[in-house]
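Undergrad: quick check, what structure comes out for this input:
(2 chains)
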Amino acid sequence: MRIIISNSSPDPIYEQINRQIKAQIISGDLAEGEALPSIRKLAQELQISVITTKRAYDELEREGFINTVSGKGTYVAVQNQELLKEKKMKIVEEKLAEAVSEAKMLGIGIGQLKDMLLLLYKEVE
Amino acid sequence: MDYAFEIHGLRKEYKGFTLKDVSFSLPQGFIMGLVGLNGAGKTTIIKLVLNLVRRNAGEVKVFGLDNLKAEAEIKSRIGFVHETPSFFEDISLKDIKAAVSLFYEKWDEKLFRSLIAEFGLPLEKKFKKLSHGMKMKFSLALALSHDADFLILDEPTSGLDPVFRRELLERLSGLMQNERKSVLFSTHITSDLERTADYITFIHRGELLFSLPKDEVRDQWGIVKGGKEILAESHRKLFKSLRETSYGVEALTSDISEARRVLNSGVVIDKASIEDIMIFMDKGEFHA
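TA: Numbers count the residues shown, from 1 in each chain, chains lettered A, B, ... in the order given. Below is the predicted model of the structure:
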């Protein structure tokens, strides 16, 4: 697991942790069933408050990414493949929605937008 | 929830200073930073918790026990470091250790030896021959060597160099791997707190300004910067304190989201650091 905390980021620290762990679960870098460090261990390693790491884990658990087995530890949850696919789609959808609203604001039509998308899709490896 | 300590309506009157009916508590398993300017009442609170001075009113519970009735039991489970460590000046560190360790059932000689080696302390030397930093380290080694459930540190980092300060903080968070341990430390070096502390308790002129999880302080307190129009009467209640310059106004708020809602564009709202809050509370023009 890899977590980098920025003190100058406007995002709260728990959110930075949440986002990075989530990304690693979605990408598969963190495998199903893999153990995560305890909230106290993670707080010590990152030199941050226990309350912060607890909040990050609580949200990941609520979103179904991790499971806490009390007395044993915290593990990456078994991901429902359909759900995982949906989550991946959702990430792309959000970015596209952003691009679409930007395009509308600037008066760029759907035809032009499609062309741009095709071009970009070919360009990026 | 179990608490390391709970304070209710604690009051202490001195000539020229009163600690005014302060209430707050620390859940077991967490680190609390006690902050405030010199003379705000931090040391007074610590002395009252340890029953080193008599209170005028209020109640203190440590480990759920009354701090007067169960004083001996409580103290055997507390490690305490005073801001100016004092032991018998003419005695060697070794002899001080021999005397102090007698009071603790759970004295861990091996741990003490390893701390002494790590801190580079000369056991044969007399206490008075040590520098302030060394005295502090010795006092810390004693406090850490009897498996205390609750460490109380009064300005432990003043007089220490930045490297050792960081080491001390890392040691504290290492200690917190055990969920039963708690730490209360007072400081005015706010950078010590921005990282490791779980809770921040802010004392201002003998009164409790707030006692909150650090993240909440970070999310709620802010500095509003804008033109003089933010001084409108209707906005005043948003601000705890403010500062006018020739170019505009800076104000401290304890409710960033309300400030964002009420004030229109044209203002900048930054998060307030603990240091910002300290300086604003001291130098600000009014207190709401």
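
Undergrad: report pLDDT for B:G266.
TA: According to the prediction, B:G266 has pLDDT 77.

Undergrad: can you count the residues close to it?
TA: Using other Cβ atoms under 10 Å in any protein chain shown, B:G266 has 9 other residues around it. (Each C-beta comes from the backbone N, C-alpha and C, glycine too.)

Undergrad: also B:D192?
TA: B:D192: 22 surrounding residues under other Cβ under 10 Å.

Undergrad: ok, and the closest non-adjacent residue to it?
TA: B:T157 (5.5 Å; Cβ to Cβ, 6 or more residues apart in numbering or on different chains).

Undergrad: likewise for B:G9?
TA: Looking at B:G9 with Cβ to Cβ, 6+ apart, the closest residue is B:G58, at 4.2 Å.

Undergrad: same check on B:E71?
TA: Leaving aside its chain neighbours, B:E71 sits nearest to B:N51 (5.7 Å; criterion: Cβ to Cβ, 6+ apart).

Undergrad: dihedrals phi and psi, the one you found?
TA: With angles defined as degrees, to the nearest 10, B:N51 sits at phi 60, psi 40.

Undergrad: for the host helix or strand of A:K114, enumerate the helices and strands it packs against.
TA: According to DSSP states H and E, A:K114 maps onto helix A:110-123. For helix A:110-123, the elements it packs on are helix A:81-105, judged by 3 or more Cβ pairs under 8 Å, 6 or more residues apart in numbering or on different chains; DSSP states H and E.

Undergrad: which residues sit against the helix it packs on?
TA: Contacts to helix A:81-105, defined as Cβ atoms under 8 Å, 6 or more residues apart in numbering or on different chains, come from residues A:I26, A:G64, A:Q112, A:L113.

Undergrad: next, the buried residues of that helix.
TA: A:L84, A:K87 (16 or more other Cβ atoms under 10 Å in any protein chain shown).

Undergrad: that one vs helix A:110-123, what angle?
TA: Angle between the axes of helix A:81-105 and helix A:110-123 is 130 degrees (criterion: axes from the mean of the first three to the mean of the last three Cα atoms, to 10 degrees).

Undergrad: can you pick out the most distant pair from the contacts of helix A:81-105?
TA: For the contacts of helix A:81-105, the farthest-apart pair by Cβ to Cβ is A:G64 and A:Q112; their separation is 38.6 Å.

Undergrad: with neighbour numbers in mind, choose between the two.
TA: Between A:G64 and A:Q112, A:G64 has the larger neighbour count (other Cβ under 10 Å), namely 14 against 11.

Undergrad: and the residue lying closest to that one once chain neighbours are set aside, what does it touch?
TA: Of all residues not flanking A:G64 in the chain, A:A77 sits nearest, at 5.9 Å (Cβ to Cβ, 6+ apart). A:A77 makes contacts with A:E32, A:G64, A:F65, A:I66, A:N67, as judged by Cβ under 8 Å, 6+ apart.

Undergrad: give me the secondary structure label for residue 8.
TA: No chain in the question, so chain A it is. Recorded secondary structure, A:S8: coil (DSSP: H, G, I helix; E, B strand; the rest coil).

Undergrad: try chain B instead
TA: Per three-state DSSP, the secondary structure class of B:H8 is strand.
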